[in-house]
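Peer 1: need coordinates for the below:
(chains A, B, C and D)
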2 protein chains.
Amino acid sequence: MSGEDNLLKLVEVEAPDDQDYLLQEQVGFILRKAHQRHVAIFAAHIGDLTPPQFAALAKLRDVGETSQNQLGTLIAMDAATVKGVIDRLKARGLVELSKHEVDKRRLLVNLTAEGRDAIERLIPLAREITQETLAPLSAKEIATFMKLLVKLA
Amino acid sequence: MSGEDNLLKLVEVEAPDDQDYLLQEQVGFILRKAHQRHVAIFAAHIGDLTPPQFAALAKLRDVGETSQNQLGTLIAMDAATVKGVIDRLKARGLVELSKHEVDKRRLLVNLTAEGRDAIERLIPLAREITQETLAPLSAKEIATFMKLLVKLA
DNA sequence: TTGATATCATTTGCATACGAATGAATTTTC
DNA sequence: GAAAATTCATTCGTATGCAAATGATATCAA
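Peer 2: Here you go, the predicted model:
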């Protein structure tokens, strides 16, 4: 290899040509695909509820009654998005809304009896969804992946 | 620790109580958050184009003229979604559409000169987006994470 | 106490994302 | 070669997801 070749290679490593940009190798693109795959697995196990709807119910089960905004923070949804999710859960009788006695701005959300039954019934399925999503990885790989994914999220 | 305690613990490991289900530890939930973070980073760097729109342009740059459906396959979008994305790129003059001479079902998509300029100009920014998305990880962690993420997607 | 800020919720507008149904054109199969 | 199955594209309906604007209420600070 000539000295000129070495120089070229060095330059290339430091400032890769635009030709080298491969969409299918970018984190964002693969992250989107991984998420898509998970949502598909979720839908196959739980057909009548979306992941965000499930997240809202599961979190309400954890924390009990909260304001709509607070719930949104807990499940990583902005105010506009969480409103739609809660509206649909309310329409199905899975959550109920009430006004905060003191702070009149707040809209309190809570599970109904039916909503509580639903989430308890669904949690075993949610476990299977998590398992199936992680199925391509070994136990050790799962531990590694989850650790790094948390760092990234 | 009594024998009874051991038995209880064993049972718990094999069939964890529903109490143990923590939303914030599930792959799907964290995957959604990681994706959200990436999209936010993308928007901060490239304000006038969404990740799916960028993906369409980047892929057209790679493969040249293709059918709308084929492009959808390449960037992991179903037919309905890709149509909307291409429509908006067309409205902005970044892609142009034409009919396939032989197979009259197909709608061919290609970059315009303006679209080609745009994607060439944006690729360096896309590199920064990838970098910033992966910034919480070390070089070694990035390699590990990407390998596992590919397996999962 | 009041004026400035901040918070909570809602609404609008735009952009994915996908299932399901439809129609047109092509390919396969018998 | 005609019927059956497939493929390509479009449309409709529903559900996130987020920015920006708005209104109501609370909180903070001068």
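Peer 1: how many other residues sit next to A:A139?
Peer 2: 8 (other CB atoms under 10 Å in any protein chain shown). From N, CA and C alone the C-beta is placed, and that goes for glycine too.
Peer 1: swap in A:D117?
Peer 2: 12.
Peer 1: A:M146 and A:Q36, how far apart?
Peer 2: In this view, A:M146 and A:Q36 are 19 Å apart by CB to CB, to the nearest Å.
Peer 1: A:V109 too?
Peer 2: 28 Å.
Peer 1: where in chain A is the helix or strand with the lowest mean pLDDT?
Peer 2: Sorting the helices and strands of chain A by mean pLDDT, DSSP states H and E puts helix A:3-14 at the bottom, at a mean of 48.
Peer 1: ok so, going back, who has more neighbours, A:V109 and A:Q36?
Peer 2: Set A:V109 next to A:Q36 and count neighbours by other CB under 10 Å: A:V109 wins out with 26 against 16.
Peer 1: quick check: beta-bridge partners of the more buried one?
Peer 2: A:T66, A:L97 (DSSP bridges).
Peer 1: doesn't A:I86 make contact with it?
Peer 2: Yes - between A:V109 and A:I86 there is a contact at 5.8 Å, judged by CB atoms under 8 Å.
Peer 1: my guess is A:L148 contacts B:T144, does it?
Peer 2: Yes - counting by CB under 8 Å, A:L148 touches B:T144, with 6.7 Å between them.
Peer 1: need the contact partners of stretch A:100-109.
Peer 2: A:56, A:60, A:65-69, A:71, A:86, A:95-99 (CB atoms under 8 Å, 6 or more residues apart in numbering or on different chains).
Peer 1: just want to know which of A:L148 and B:T144 has more residues nearby.
Peer 2: Neighbour tally, A:L148 and B:T144, criterion other CB under 10 Å: the higher count belongs to A:L148, 22 against 17.
Peer 1: how about that one, nearest residue that isn't a chain neighbour?
Peer 2: B:F145 (4.3 Å; CB to CB, 6 or more residues apart in numbering or on different chains).
Peer 1: again with A:V63
Peer 2: Using CB to CB, 6+ apart, the closest residue to A:V63 is A:L74 (6.7 Å).
Peer 1: the one you found is in contact with A:K59, isn't it?
Peer 2: Yes - under the criterion of CB under 8 Å, A:L74 makes contact with A:K59 at 5.0 Å.
Peer 1: quick one on the thing from earlier: can you get me a residue count around the residue nearest to A:V63?
Peer 2: A:L74: 18 neighbours (other CB under 10 Å).
Peer 1: now do the contacts for A:N110.
Peer 2: Neighbours of A:N110 in contact, by CB under 8 Å, 6+ apart: A:L60, A:G64, A:E65, A:V95, A:E96, A:S98.
Peer 1: just the buried residues of these.
Peer 2: A:L60, A:V95, A:E96 (16 or more other CB atoms under 10 Å in any protein chain shown).
Peer 1: how about the contacts of A:N110 in CSV, adding distance to DNA strand D and pLDDT?
Peer 2: Below are the contacts of A:N110 laid out as CSV (distance: CB to the nearest atom of the strand, whole Å; pLDDT from 0 to 100):
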residue, distance to DNA strand D, pLDDT
A:L60, 15, 98
A:G64, 20, 97
A:E65, 17, 97
A:V95, 12, 98
A:E96, 17, 98
A:S98, 14, 97
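Peer 1: between those, which sits nearest A:G47?
Peer 2: A:V95 (19.5 Å; CB to CB).
Peer 1: for the closest one, what are phi and psi?
Peer 2: Backbone torsions for A:V95, taken as degrees, to the nearest 10, come to phi -130, psi 160.
Peer 1: cool, the one 10 residues further on as well?
Peer 2: Backbone torsions for A:R105, taken as degrees, to the nearest 10, come to phi -80, psi -30.
Peer 1: and for A:E114, the neighbour number?
Peer 2: 13.
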